[in-house]
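S.K.: this one's structure only:
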């Protein structure tokens, strides 16, 4: 293990290669599945909430909830 680390430290690498290795190390520490799950949540479909979900319109505080149709007398 020590020899492999020493070999790695003795190699000359460009900035791009270094950043690629650091990125790969970070992804492997966090976990590929967690990263993919977070990306799926970030770019996936979102749930749209209707305005009635955010108000008291259909609850007892909003005046009943039997229906949203206007009553004809």
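M.R.: Arrived safely. Remember, predicted model here, so these are calculated numbers, not experimental data. Residues are numbered from 1 along each chain as shown.

S.K.: what helices or strands is the helix or strand of the chain with the lowest mean pLDDT leaning on?
M.R.: The helix or strand of the chain with the lowest confidence, counting by mean pLDDT, DSSP states H and E, is helix 32-43 at a mean of 81. For helix 32-43, there is no helix or strand it packs on, judged by 3 or more CB pairs under 8 Å, 6 or more residues apart in numbering; DSSP states H and E. Backbone N, C-alpha and C define where each C-beta goes, glycine included.

S.K.: shift numbering so it begins at 685
M.R.: Sure thing, new numbering starts at 685, so read that last one as helix 716-727.

S.K.: can you list contacts of that helix?
M.R.: residue 711 (CB atoms under 8 Å, 6 or more residues apart in numbering).

S.K.: ok, now with 10 Å
M.R.: By CB atoms under 10 Å, 6 or more residues apart in numbering, the residues outside helix 716-727 that reach it are 710-712, 714-715, 728.

S.K.: export these to a markdown table and tack on distance to residue 692 and pLDDT?
M.R.: Shown next, in a markdown table, are the contacts of helix 716-727 (distance: CB to CB, whole Å; pLDDT from 0 to 100):
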| residue | distance to residue 692 | pLDDT |
| --- | --- | --- |
| 710 | 16 | 87 |
| 711 | 18 | 82 |
| 712 | 15 | 86 |
| 714 | 21 | 81 |
| 715 | 22 | 85 |
| 728 | 37 | 69 |
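
S.K.: any idea which element residue 696 lies in?
M.R.: Using DSSP states H and E, residue 696 is not contained in any helix or strand.
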